[in-house]
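> Pasted the sequence and its predicted model underneath.
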Amino acid sequence: MQAMLSTVAAMPFLNPWTLSTSWWWGGFFLTRAAIAMYDFLVIGIVELVKQPKLPTRNTGVPVRYVGLDAASVAYLVINSVQEWLFVQNLCHFMWNSDTVPKAVADVGPLNTVAALYVMFVVLDLFYAPAHRFLHWRPVYPYIHKHHHRQIFPVRGYLDAGNEHPIEHLIGTSCTWIAVYTAVRTTGAHAATIFLFFNVHAALAMLNHSPFDVDVTLLGFNYSVKAHETHHRKFTTNYAQYWMGIDHAMGTFRPYDASTSASSSEGYNGEGSAEGSADAGSAGKPKTRAQPKRGAKTKGL
Ligand SMILES: [Zn+2]
Ligand SMILES: [Zn+2]
């Protein structure tokens, strides 16, 4: 116990607010409940406004679906601790930093609209190349392959967060770099950082839903179709918001409404059609029906 306490003291990022053990775990479970509720709300709102489903989900033929295995559950648990640590450290930074304005009177166009723009651009500037690196043949099987088990993502948060913890750490690092860059260049307001964090989380969940959400705004193109394309044709559409990066890298692919998961591209631009379909699977592709809303949390 003493050794554990000294480890925590030596690594302040594990408990930046110096919470007691019960408050620390209380905060962890509160965060989990908040994320589950948020996922339910985001997907619920999209359902409520009767957003159409992706073309691949409207053919009458069920697409391939993979349930959560033991590794998925382990990764989701580890990643949930990472998320809690990230939330604590981000809040601690915002609260204690003199460069992050917090008063309502400090709100202005530069530290809100411009700051938000910078955050999303910088996020993809770092995320897209890092994502491409994870598809590099010598690296791909060890880290990112797990996330690609689901060729037709459907479970929102559970498909978004179902990734190797190293990949999760890379993702949160990109988010942190985006926030820090906006703070240093635009003096991003605390409310803007809060908004960015929530919008980014909502869009990551939606990117792994069956709904056809597609928004083009000020150079950004957020498209669930683009991310479904990435899950089906692994070496395409690495970015999440600013697809200009994929155009620049020559990796952009327009949507193909066929339900085939195969393509001439495996990881790193190599491999056969068969290899491409299997590279992300734990076994033979399955084509059973995807779960309905009520079955979403099954397995967790
Ligand atoms: Zn994904
Ligand atoms: Zn990928």
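Received, thanks. Numbering: from 1, shown residues only. Ligands and ions are numbered 1, 2, ... in the order given.

> got a list of what Asn58 touches?
Pro52 (C-beta atoms under 8 Å, 6 or more residues apart in numbering). Where you see a C-beta, it was placed from the backbone N, CA and C, and this is true even at glycine.

> how does it look with 7 Å?
Shown in contact with Asn58 (C-beta atoms under 7 Å, 6 or more residues apart in numbering): no residues.

> May I have the phi/psi pair for it?
phi -120, psi 20 (degrees, to the nearest 10).

> Relative to Leu48, how far out is it?
Plainly put, Asn58 is 19 Å away from Leu48 if you go by C-beta to C-beta, to the nearest Å.

> can you check Ile151 too?
In this view, Ile151 and Leu48 are 27 Å apart by C-beta to C-beta.

> And these two? Which one has more around it.
More crowded of Ile151 and Leu48, by other C-beta atoms under 10 Å: Ile151, with 25 against 9.

> which residues of this protein score low on pLDDT?
Within the chain, the stretches with pLDDT under 70 are 1-10, 259-300.

> run the last query once more with 90
Counting by pLDDT under 90, the low-confidence segments of the chain come to 1-12, 58-64, 256-300.

> give the contact list for the most centrally placed residue in the chain.
Nearest residue to the geometric centre of the chain (C-alpha atoms, centre = their mean): Ala204, 4.2 Å. Neighbouring residues of Ala204 by C-beta under 7 Å, 6+ apart: Ala160.

> That one in helix, strand or coil?
helix (DSSP: H, G, I helix; E, B strand; the rest coil).

> just checking, Tyr238 touches Ala130?
No. Using C-beta atoms under 7 Å, Tyr238 is not in contact with Ala130; the gap is 8.7 Å.

> Looking at the two, which is more packed in?
Comparing Tyr238 with Ala130 by other C-beta under 10 Å, the one with more neighbours is Tyr238, at 25 against 15.

> quick revisit: could you measure from the residue nearest to the centre of the chain over to His168?
For Ala204, the distance to His168 - C-beta to C-beta - is 11 Å.

> Please apply the same query to Gly67.
Taken as C-beta to C-beta, the span from Gly67 to His168 is 20 Å.

> How about Thr251: what's its closest non-neighbour residue?
Thr236 (5.4 Å; C-beta to C-beta, 6 or more residues apart in numbering).

> got a list of what the residue nearest to Ile193 when sequence neighbours are not counted touches?
Excluding the flanking residues, the one nearest Ile193 by C-beta to C-beta, 6+ apart is Val179, at 5.6 Å. The contact partners of Val179, taken as C-beta under 7 Å, 6+ apart, are Leu90, Met119, Ile193, Phe196.

> Among these, which ones are in helices?
Among the contacts of Val179, DSSP state H puts Leu90, Met119, Ile193, Phe196 in helices.

> Pull up the gap between the last one and Lys53, please.
Distance from Phe196 to Lys53, counting by C-beta to C-beta: 28 Å.

> Quick check on these two: which one has the bigger neighbour count.
Phe196 (21 against 14).

> Which one of the ones in helices among the contacts of Val179 sits in the busiest neighbourhood?
Ranking the ones in helices among the contacts of Val179 using other C-beta under 10 Å puts Met119 first, with 28 neighbours.

> hang on, that residue packs against Ala182?
Yes. Using C-beta under 7 Å, Met119 is in contact with Ala182, at 4.6 Å.

> could the contacts of Val179 go into TSV alongside distance to His146?
Listed next are these as TSV, based on distance: C-beta to C-beta, whole Å:
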residue	distance to His146
Leu90	26
Met119	27
Ile193	30
Phe196	27
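
> mind listing the strands for this structure?
214-217, 220-223 (DSSP state E).

> Those: which one's closest to His144?
Among the strands of the chain, strand 220-223 comes nearest to His144, with 20.6 Å by C-beta to C-beta.

> Other residues contacting the closest one?
The contact list for strand 220-223 (C-beta under 7 Å, 6+ apart) reads Phe120, Leu203, Asp214, Val215, Tyr241, Trp242, Met243.

> Pretty sure the third one sits against Glu228.
No. The pair Asp214 and Glu228 does not pass the contact test of C-beta under 7 Å, sitting 11.2 Å apart.

> Among the two, which residue is more densely surrounded?
Glu228 (27 against 14).
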